[in-house]
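**Student:** Just the structure for this:
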Amino acid sequence: MVHSLLAALFSLILYCSSMAELTRFFHPAKSDGTLSLLAIGDWGRNGTFNQSLVAYQMGVIGEELDIDFIISVGDNFYESGLRDVDDISFEESFSKIYTAKSLQKQWYSVLGNHDYRGNAMAQLDPILRQIDSRWLCMRSFIVDAEIANFFFLDTTPFVKKYWKNPKKNQYDWREVAPRKRYISSLLKDLEIALGESAATWKIVIGHHTLRSVSEHGETPELVKLLLPMLINYGVDMYINGHDHCLQHISSTDSFIHFLTSGGGSKAWRGIIMPTMENLQFFYDGQGFVSLQLSATDANIKFYNVFGDVLHEWKITKEFYDYIV
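**Tutor:** Numbering: from 1, shown residues only. Just a heads-up that it's a prediction; the model follows:
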């Protein structure tokens, strides 16, 4: 009983501190210094729209790669997030779907725009971690995994249109408004964290797209306010959801790779709008992404709902160093 109370108190302290600065979590790499993980987004539909099939293949690949954790890039529960901490959707769309042994690892999650349409505070509440200990969702935070630093960013407040026309969609802006002050503080904290990072790999995670050839396209506010910072501090990858597809776009003016992993459930929107960026891969369907990281290499693979590898490539850090 005492242990449970202390654990709850510790979680609450972390939860509250995240509202003032980027809370840092330490997640050790494997004994050989490597790291493996999966990234998935736009999934929470009670198992429908192939969510259960994607979850099954995640379990298979997760075991094969001996993953260390899973990243969720937002829009965790459709259509409008969670009602409260007792909402059955949490178990019906998460706990009872991702049941494979290999997926019983820590899930690090950010909020998407659909999550903000519900009770955003519910997903952030430490009570959910008592229901399912895998769940860790915060607005913005850092996961220090030794060879890699993962910077989780709350991107929904950046998008101006969400703040307009409240009659169409209600957004839970508690602890966020006023918008400009929130974004300014967040970007300041992120810049400090990026500047202090000495990790081999710097990976930023947000729900909204920076580069995309699908339905939502680029997010202008992020391109203006966030992208220059990512370039300046040598970020290697930006991983997002929002567009319900799989994408890999390489930059024309930096070493950043833009990965979309928004195929957790409903997909097949049939929209592709080529841009001036270097489109390496596009798949308008369900699936997920795996990352295998070492001190010198990053191996990235995209999988479909059948577990087939649709696209893969390797980044060699030594090559980057040589070019620089």
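
**Student:** longest single helix anywhere in this protein?
**Tutor:** Counting residues, the longest helix found in the chain (DSSP state H) is helix 179-196.

**Student:** Tell me the helix or strand right after that helix.
**Tutor:** Toward the C-terminus, helix 179-196 is succeeded by strand 201-206 as the next helix or strand (DSSP states H and E).

**Student:** For that following strand, which outside residues touch it?
**Tutor:** Applying CB atoms under 8 Å, 6 or more residues apart in numbering, the contact partners of strand 201-206 are 39, 71, 73-74, 108, 110, 147-155, 194, 222, 226, 230, 233-240, 291, 293, 298, 317. Backbone N, C-alpha and C define where each C-beta goes, glycine included.

**Student:** now do 6 Å
**Tutor:** 71, 73, 148-153, 155, 235-240, 293 (CB atoms under 6 Å, 6 or more residues apart in numbering).

**Student:** if we can go back for a sec, avg pLDDT for the longest helix of the chain?
**Tutor:** If you average the pLDDT over helix 179-196, you get 97.

**Student:** Residue 105: what's its closest spatial neighbour, skipping adjacent residues?
**Tutor:** residue 69 (5.0 Å; CB to CB, 6 or more residues apart in numbering).

**Student:** Does that neighbour touch residue 104 like I think?
**Tutor:** No - Residue 69 lies out of contact with residue 104 (CB atoms under 6 Å); the separation is 10.8 Å.

**Student:** which of the two has more neighbours?
**Tutor:** Counted by other CB atoms under 10 Å, residue 69 and residue 104 do not tie: residue 69 has more neighbours, with 20 against 15.

**Student:** follow-up on the earlier one: buried subset of the contacts of strand 201-206?
**Tutor:** 71, 73, 148-153, 155, 235-240, 293 (16 or more other CB atoms under 10 Å).

**Student:** Just these: which are in strands?
**Tutor:** Residues of these located in strands (DSSP state E): 71, 148-153, 237-240, 293.

**Student:** which of those residues sit farthest apart?
**Tutor:** 153 and 293 (19.5 Å; CB to CB).

**Student:** which intervals of this structure have sub-threshold pLDDT?
**Tutor:** 1-20, 166-167, 318-324 (pLDDT under 70).

**Student:** What ranges does it have for its helices?
**Tutor:** Under DSSP H, the chain gives helices at 2-17, 51-65, 89-90, 113-116, 120-124, 127-131, 179-196, 220-225, 227-232, 317-323.

**Student:** Please work out which of those helices is packed deepest.
**Tutor:** helix 113-116 (a mean of 24; mean count of other CB atoms under 10 Å).

**Student:** List of residues touching that one?
**Tutor:** Outside helix 113-116, the residues within contact range by CB under 6 Å, 6+ apart are 75-76, 78, 81, 123, 156, 171-172.

**Student:** Try it again at 8 Å.
**Tutor:** By CB under 8 Å, 6+ apart, the list of residues contacting helix 113-116 reads 74-82, 123, 156, 159, 162, 171-173, 207-208, 242.

**Student:** Can I get it in CSV, CA atoms only?
**Tutor:** Provided in CSV are the C-alpha atoms of helix 113-116 (Å, rounded to 0.1, in the frame of the first residue of the first chain):
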residue,chain,number,x,y,z
ASN,A,113,-5.7,17.0,-32.4
HIS,A,114,-8.4,14.4,-31.9
ASP,A,115,-7.2,13.8,-28.4
TYR,A,116,-7.6,17.5,-27.7
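
**Student:** Write down the beta-bridge partners of the residue nearest to residue 105, one by one.
**Tutor:** In this entry, residue 69 is beta-bridged to residue 37, residue 106, by DSSP bridges.

**Student:** residues contacting it?
**Tutor:** With CB under 8 Å, 6+ apart, residue 69 has these contacts: 27, 37, 105-108, 143.

**Student:** Please give me every residue in contact with the nearest residue to residue 45 once chain neighbours are set aside.
**Tutor:** Leaving aside its sequence neighbours, residue 45 sits nearest to residue 265 (CB to CB, 6+ apart; 4.4 Å). By CB under 8 Å, 6+ apart, residue 265 lies in contact with 42-45, 48-51, 54, 78, 244, 286.

**Student:** Kindly recompute the last result at 10 Å.
**Tutor:** 40-55, 75, 78, 93, 97, 244, 286 (CB atoms under 10 Å, 6 or more residues apart in numbering).

**Student:** residues contacting the residue lying closest to residue 100 once chain neighbours are set aside?
**Tutor:** With sequence-adjacent residues excluded and distances taken as CB to CB, 6+ apart, residue 100 is closest to residue 59, at 2.4 Å. Residues in contact with residue 59, defined by CB under 10 Å, 6+ apart, are 38, 67, 98-104, 307.

**Student:** what's around the closest residue to residue 112 other than its chain neighbours, how many residues?
**Tutor:** Leaving out its chain neighbours, the residue that sits closest to residue 112 by CB to CB, 6+ apart is residue 74, at 2.9 Å. Other residues near residue 74 come to 29 when the count uses other CB under 10 Å.
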